[in-house]
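Asker: fold the following.
(chains A, B, C and D)
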There are 2 protein chains.
Amino acid sequence: MSRSTKKDKLLEVAERLFYEHGFRGVGLKQIIQEADIATMTLYNHFPSKNKLVEEVLRQREERYWSYLDAHIEKDSDSTFILAVEAHCRWLKEESYKGDMFLRAIEDYAGTDNEIENIARNHKYKLLQYFQQLAQRDGKDNQQDLANQLTLLLEGTTSMTTLIGVEKATEYAIVMARTLVQQSS
Amino acid sequence: MSRSTKKDKLLEVAERLFYEHGFRGVGLKQIIQEADIATMTLYNHFPSKNKLVEEVLRQREERYWSYLDAHIEKDSDSTFILAVEAHCRWLKEESYKGDMFLRAIEDYAGTDNEIENIARNHKYKLLQYFQQLAQRDGKDNQQDLANQLTLLLEGTTSMTTLIGVEKATEYAIVMARTLVQQSS
DNA sequence: TATTATATAGAACGACCTTTCTATTTTTAC
DNA sequence: GTAAAAATAGAAAGGTCGTTCTATATAATA
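Answerer: Just a heads-up that it's a prediction; the model follows:
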């Protein structure tokens, strides 16, 4: 197996395990075993566990934005709703059990600034994305709407833990429609 | 210092540290030092760290419901809004940096069922609380409203990480008013 | 005051973690 | 085909964690 595919498999396995059991809940031993690589292969690609975590987060963030870009028609006049719907689809497919970035913030706040920043920035970018949409549409209270929709999506992720991703996303979309309608 | 005050201080320090750094992020050594007790005093009251975690969660849950009870007029015709406002005040005073119960679910899911259940049940009770309010008011879509408001509060907690508790709760109350108004 | 229960400091244990080391084998590239 | 680079298994180092043990001191109770 080539060098790059080893690295890819390592990152893929690490992302899955980190997501399912948390960063602190997964040891390198388990990652190495499930990725079927040697200890030194991991350390050949990443100088430490934390740097591996960083790369996992960066890769997941990239996948998220690719997914969103692919599912949104940018010039629609209901881009807000499309974005919420796309995000909900992402939750169903890839993030139906809590949010990896929120976990990263909680697990590494105060101990690893780089990891914390990557996770925080990702969340902040989603807010900025909505704010840009709001600015495009002009109205003042659309800034508030951007914050409200971000809050809504945060709640949706957390709510999956309680009532499952299907019902949570259903409610999210209904709520988003109400909020958008109310603010226009 | 008497037996019960030792135990109280232990629980108080444990709750604070667990909330700030996570359950996995805090060792017994740190708890013991900050509570100024001996190792065996802890083990005299709790047979293991996990049992201490359980008690911390149970106590925090009790405090939460006491707080809510004290801040809500039950027979108001806008109890939904009062409950949201009370919850937001609780966030400002006691939970402005993420949710301890969500953390417990994430940290112990799959490894400690008792802890996971305590945390899950707490969240479920809040949903049930809103559902009972909805049932009292009779209308069918009030069940949806209960789920929506629970989702809203979950999002508020998570949103504090991003924009701070003041702005997050402001948005939450505005959103709650919109949703309640829309569903009546 | 005598007795019993509880708290104390600190060492020790075993398990697990991340990281490093070693020596051998496989792959890659010229 | 040969030399350099990378991957291998597995042990070992060095640290932290939860838990237990020991032996002494303090407090509560009768």
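
Asker: need the pLDDT of the closest residue to chain B within chain A.
Answerer: Here the residue of chain A nearest chain B is A:Gly155; by C-beta to the nearest C-beta that distance is 2.4 Å. Using the backbone N, CA and C atoms, a C-beta is placed for each residue, glycine as well. The model reports A:Gly155 with a pLDDT of 98.

Asker: for it, grab the count of nearby residues.
Answerer: Neighbours of A:Gly155 under the rule other C-beta atoms under 10 Å in any protein chain shown: 28.

Asker: that one and B:Thr169, how far apart?
Answerer: According to C-beta to C-beta, to the nearest Å, A:Gly155 stands 13 Å off from B:Thr169.

Asker: please apply the same query to A:Lys74.
Answerer: Here the criterion is C-beta to C-beta. By it, A:Lys74 lies 32 Å from B:Thr169.

Asker: okay, those two: which has more neighbours?
Answerer: The neighbour count for A:Lys74 versus B:Thr169, taken as other C-beta under 10 Å, is higher for B:Thr169 (24 against 10).

Asker: what is the burial count for the residue lying closest to the more buried one once chain neighbours are set aside?
Answerer: In this structure, B:Thr169 finds its nearest non-sequential neighbour in B:Cys88, 3.8 Å apart by C-beta to C-beta, 6 or more residues apart in numbering or on different chains. Around B:Cys88 there are 22 other residues, counting by other C-beta under 10 Å.

Asker: residues from chain A in reach of DNA strand D?
Answerer: Chain A comes close to DNA strand D at residues A:1, A:3, A:6-7, A:36-41, A:44-45, as judged by C-beta under 7 Å from any atom of the strand.

Asker: so how do I select the buried members of those residues in ChimeraX?
Answerer: Typed into ChimeraX, the line below selects the buried ones among these, using 16 or more other C-beta atoms under 10 Å in any protein chain shown:
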select /A:6,7,37,41,45
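
Asker: of the residues of chain A next to DNA strand D, closest to A:Leu179?
Answerer: A:Lys7 (42.6 Å; C-beta to C-beta).

Asker: the closest one: what secondary structure?
Answerer: Assigned with DSSP: H, G, I helix; E, B strand; the rest coil, A:Lys7 falls in the helix class.

Asker: residues contacting A:Thr79?
Answerer: By C-beta atoms under 8 Å, 6 or more residues apart in numbering or on different chains, the contact set of A:Thr79 is A:72-73, A:133.

Asker: ok, back up a step: now the residues of chain A next to DNA strand D as JSON lines including pLDDT and distance to chain B?
Answerer: Putting the residues of chain A next to DNA strand D into JSON lines (pLDDT from 0 to 100; distance: C-beta to the nearest C-beta, whole Å) gives the following:
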{"residue": "A:Met1", "pLDDT": "59", "distance to chain B": "30"}
{"residue": "A:Arg3", "pLDDT": "62", "distance to chain B": "33"}
{"residue": "A:Lys6", "pLDDT": "83", "distance to chain B": "28"}
{"residue": "A:Lys7", "pLDDT": "91", "distance to chain B": "28"}
{"residue": "A:Asp36", "pLDDT": "93", "distance to chain B": "23"}
{"residue": "A:Ile37", "pLDDT": "94", "distance to chain B": "24"}
{"residue": "A:Ala38", "pLDDT": "92", "distance to chain B": "27"}
{"residue": "A:Thr39", "pLDDT": "95", "distance to chain B": "23"}
{"residue": "A:Met40", "pLDDT": "94", "distance to chain B": "27"}
{"residue": "A:Thr41", "pLDDT": "93", "distance to chain B": "27"}
{"residue": "A:Asn44", "pLDDT": "92", "distance to chain B": "28"}
{"residue": "A:His45", "pLDDT": "94", "distance to chain B": "26"}
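
Asker: the residues of chain A next to DNA strand D in helices, which ones?
Answerer: A:3, A:6-7, A:39-41, A:44-45 (DSSP state H).

Asker: what helix or strand is A:Val180 on?
Answerer: With secondary structure defined by DSSP states H and E, A:Val180 is part of helix A:165-182.

Asker: elements contacting that helix?
Answerer: Judged by 3 or more C-beta pairs under 8 Å, 6 or more residues apart in numbering or on different chains; DSSP states H and E, helix A:165-182 is in contact with helix A:79-94, helix A:142-163, helix B:142-163, helix B:165-182.

Asker: what packs against the one helix or strand A:Glu55 maps to?
Answerer: Following DSSP H and E, one finds A:Glu55 within helix A:49-71. On a contact count with 3+ C-beta pairs under 8 Å, 6+ apart, helix A:49-71 meets helix A:3-21, helix A:79-94, helix A:100-108, helix A:113-137.
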